[in-house]
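Peer 1: got a predicted structure here, sequence first:
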Amino acid sequence: MVTARAAATFEPVGRSAGAARSFVREALLGWGLPEVVDDAVVLVSELVTNAVVHAGTAAEVCCLREDGTVRIEVTDHHPERGLPTFADVPTTASDHYADADGEGGRGLLMCAALAERWGVEYGSGRKTVWFRLILPAHPAGTRYALPATPGGELPRSSGPVHVAVVQLDDDGRVLAWNPDAEALFQHPADTVLGRPWADLALWPQTADAGPGLGLAATLRLARWEGGYALRRADGSTVDVYGVQVRLRDTDGTPSTLCTLVLDDHRAVLRSPARALPGDRSEPAARLDLLAGLGTGEDLDTLLQHTVERARDLLDADAAYLLLTTEDETAFEVRAATGLPAARPHTRFPVDTGNRYDSPRLPSVHEDLAARPTGLPVLDDSGLRSLLTVPLKVEGRLIGSLGIATAGPGRYDNEDALRLQSAADRLALAVESTRLTELERLRRGSLSFLVEASDLLAGTLEHEQTLALMAQMAVPTLASWCAVYTNGDHGAPASLAFVLHEDEDRIDPLRALLDKTAAPDTGPTHGARFWTGPTDTADGNGFTHEPGLTGLLGETVVLPLTARNRVIGLLALGTPSGVRFRQEVLELAEDLSRRAALALDNSRLYSERTATSQALQRSLLPPDLPDIPGVEVDVYYQAAGEGNEVGGDFYDLFPIREGTYGFAIGDVCGTGPEAASVTGLARHSLRLLAREGLDAPQVLSRLNTAILDEGSRSRFLTLLYGELTPRPDGSTELSLVCAGHPLPLRLRTDGRVDRAATPQPLLGVMDDLDLTAEHLVLNPGEVLLCVTDGVTERREGLRMLGDDGLAEVLTGCTGLTAGAVALRVQRAVERFAPEPPSDDMAILTLRVPTQRSA
């Protein structure tokens, strides 16, 4: 059964949450229920904030007193917002505010923690969240008492004390008028019933009424207490002190009950809570800033919960909490509510030099308009009253907690003592949680750096190293990253890589950075702030362009120093309104040192590889000549990463008019050492063949040249031949196969036979007895020449061998020289799943038929 009701509507503005807290506090105190005020105020503050700030609608708050419970309802007009699940509840304060559209789920979690029952009801165009608090039992006995007072200090009375009781309807007209009211004001009941209360009350008569609070508005408050004046029947006025309580009968009709005494008798009605500062006789209720907080919460959640609960319990408009840096020289903003200027992680000095505003002592500021504190968190806030208390652990300052309101003179020393007592208990929880978080961050940072080192060490490709640097930084350290590399001979740094956590913003960011002069190299260590991108955006009107809105917050530049030389710069940036935390900057410096060494290694590797490849390409033969009447095709693959030339080689060159030399060989080993003998053999063959020597003489002279290399010499297998196309369409060949896999001849009928016989290899013996073998390649026939990388292709104990190669060649009848080479190459690759481990060269010669020609 509902025994009392109070309701109010609050517009969707930032101050509504504070007004709702005041309304609920006054209503419950007016009903004599101080025991549930704190929990109710905290819950209503959260739910109204969801409605007016996040949902953007007006909020209706209704307080219902029932038998043994109080039910409070908060209604908004945004029903399409679904009820969040507990799995969706943000885990940190930053997550909560990042989701401006989400109702956060935190209000519902708090309802679950503090209320006896709660729920959500949906109606047409509205949604109501309600909760019910159990009223504690009130046994008979003393509820409130003041100590004994000497008779001379007791309130005085000139005669009988009359307590007038007047009941007013919802329109402010008199419903009831008791005999004491007749005695005090000389109006018989039948002459005032039905009259407007405004005809009798002179409002305001004293300063106690409060500025800007009209009679009609006061009558609708859940509870009001103060002084004014009333007209007597004879036209005179009398000062009175009254208590007004808003009631609702069982039919739901509201009314206001006024209890009045002469102003000299105000001690009869005046509640202890309205005693002047310094006159409080009842100990103030203890503040518990940690109530409703779950176990194991992270530091950000703990701090945000603290400021919001401090704001609610002390009926403030704003609150903030600062923590000291590790060296205890600066404060850092870690949590705030109701303060737009309090950007997270903003830093300012602990000591301002003013001993009257020492952060190490509680401080009450009655009017900031008359005497500002200079705290950056209060810039442009319009707040007037401020109360700050230090957070200390074992005498060491670890932070500061502040609350503020829009009106002046709101706080006194009693409030400071209450908040300081709560802050002393809070400080231990904050320090314990902070130390736990620091340890977790240190472990996380170490793990991050180990992973970064492993990834950066896993590649020597310059472009991939640049990409890895940026990917390690975004989004772990910053929302975007740019890498600059220094040019040679003092050239300015150039933009090499750009990454943003939102891929759609990479191109706009790169365009902005292209228009921004690269940062100066600066010192060889440490992060420094850089305003270049912001200056460029502001100066060219880019700030509000698509893709750049909210892009730029803080930007820092870190040098990439390796081997005592700055080789580039790492730029990191945050979105608008976000600042770098010190621990993030320290982690970024560690990353930049590791990244710089990896980048320099990749640069050196790229330079060495480019030089090696240029030298290797010089060992390859130029473009193959066109030979009339002969198709020629070559496939070549050097073993080893980054090698273009190995121990296998080939060549095809003109010797004299109508005659061409060809060679395919294999130097012992692979890599650069074998490639050096490759160059000697290829150039020697060309030179000796053009001197008019026949094939055996050419190879004998080459054998001598190889042996002259001494310890650097390597033995060499070589197939060398000379070919001369004939007028009848055939081609005459002269061959010497010095220790090399024998060439295979594919006839037009598909038969495959060897085209030469084996002879001694080169680079082993001084005197060689070599002879030339002659054959004629008829139209349609193919001569296949390969190195042992083809024939010795293995899979386990299996080897392709000469027979396997001959089988592959048998199926190539009628194919062009290029098709034959391609089919052999594919057969080699498919023979085993592993990539070839040896150099491989394939040279095919084919005499086309008249039809194919």
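Peer 2: All right, it came through fine.

Peer 1: the helix or strand hosting Tyr636: what's the following helix or strand?
Peer 2: In the assignment (DSSP states H and E), Tyr636 maps to strand 631-637. Sequence order places strand 648-656 as the next helix or strand after strand 631-637, per DSSP H and E.

Peer 1: residues of that next one that come out buried?
Peer 2: Asp648, Phe649, Tyr650, Asp651, Leu652, Phe653, Ile655 (16 or more other C-beta atoms under 10 Å). Any C-beta I mention is one placed from the backbone N, CA and C, and that applies to glycine too.

Peer 1: most widely separated two among those?
Peer 2: Asp648 and Ile655 (22.4 Å; C-beta to C-beta).

Peer 1: what's the end-to-end length of stretch 648-667?
Peer 2: Start-to-end span of stretch 648-667 (C-alpha to C-alpha, to the nearest Å) is 6 Å.

Peer 1: worst-scoring helix or strand of the chain, pLDDT-wise?
Peer 2: helix 93-98 (a mean of 36; mean pLDDT, DSSP states H and E).

Peer 1: packing partners of whichever helix or strand comes after it?
Peer 2: Using DSSP H and E, the helix or strand that follows helix 93-98 in sequence is helix 106-114. Helix 106-114 is packed against helix 37-49, strand 117-123, strand 126-134, with contacts defined by 3 or more C-beta pairs under 8 Å, 6 or more residues apart in numbering; DSSP states H and E.

Peer 1: tell me what the shortest one is packed against?
Peer 2: Okay, so that is strand 117-123. For strand 117-123, the elements it packs on are helix 106-114, strand 126-134, judged by 3+ C-beta pairs under 8 Å, 6+ apart.

Peer 1: same thing but 10 Å
Peer 2: strand 69-76, helix 106-114, strand 126-134 (3 or more C-beta pairs under 10 Å, 6 or more residues apart in numbering; DSSP states H and E).

Peer 1: repeat for the last one
Peer 2: Strand 126-134 is packed against helix 37-49, strand 59-66, strand 69-76, helix 106-114, strand 117-123, with contacts defined by 3+ C-beta pairs under 10 Å, 6+ apart.

Peer 1: deepest in the core, which of these is it.
Peer 2: Greatest average neighbour count among the helices and strands packed on strand 126-134 goes to helix 37-49 (a mean of 24), per mean count of other C-beta atoms under 10 Å.

Peer 1: quick one: it to helix 106-114, angle?
Peer 2: Angle, helix 37-49 to helix 106-114, by axes from the mean of the first three to the mean of the last three C-alpha atoms, to 10 degrees: 160 degrees.

Peer 1: mean confidence score for helix 37-49?
Peer 2: Throughout helix 37-49, pLDDT has a mean value of 86.

Peer 1: please apply the same query to stretch 236-248.
Peer 2: Per-region confidence: stretch 236-248 scores 87 on mean pLDDT.

Peer 1: I'd guessed Pro508 sits against Leu548; true?
Peer 2: Yes. Contact criterion C-beta atoms under 10 Å: Pro508 and Leu548 qualify, at 5.5 Å.

Peer 1: what ranges do the helices span in the stretch 451-600 of the chain?
Peer 2: For the stretch 451-600 of the chain, the helices defined by DSSP state H, counting those that start in this stretch cover 462-473, 506-514, 532-539, 582-619.

Peer 1: hang on, Val74 packs against Phe23?
Peer 2: No. In this structure, Val74 is not within contact of Phe23 by C-beta under 10 Å, at 11.4 Å.

Peer 1: which neighbours do those two share?
Peer 2: Phe10, Val44, Val48, Val61 (C-beta atoms under 10 Å, 6 or more residues apart in numbering).
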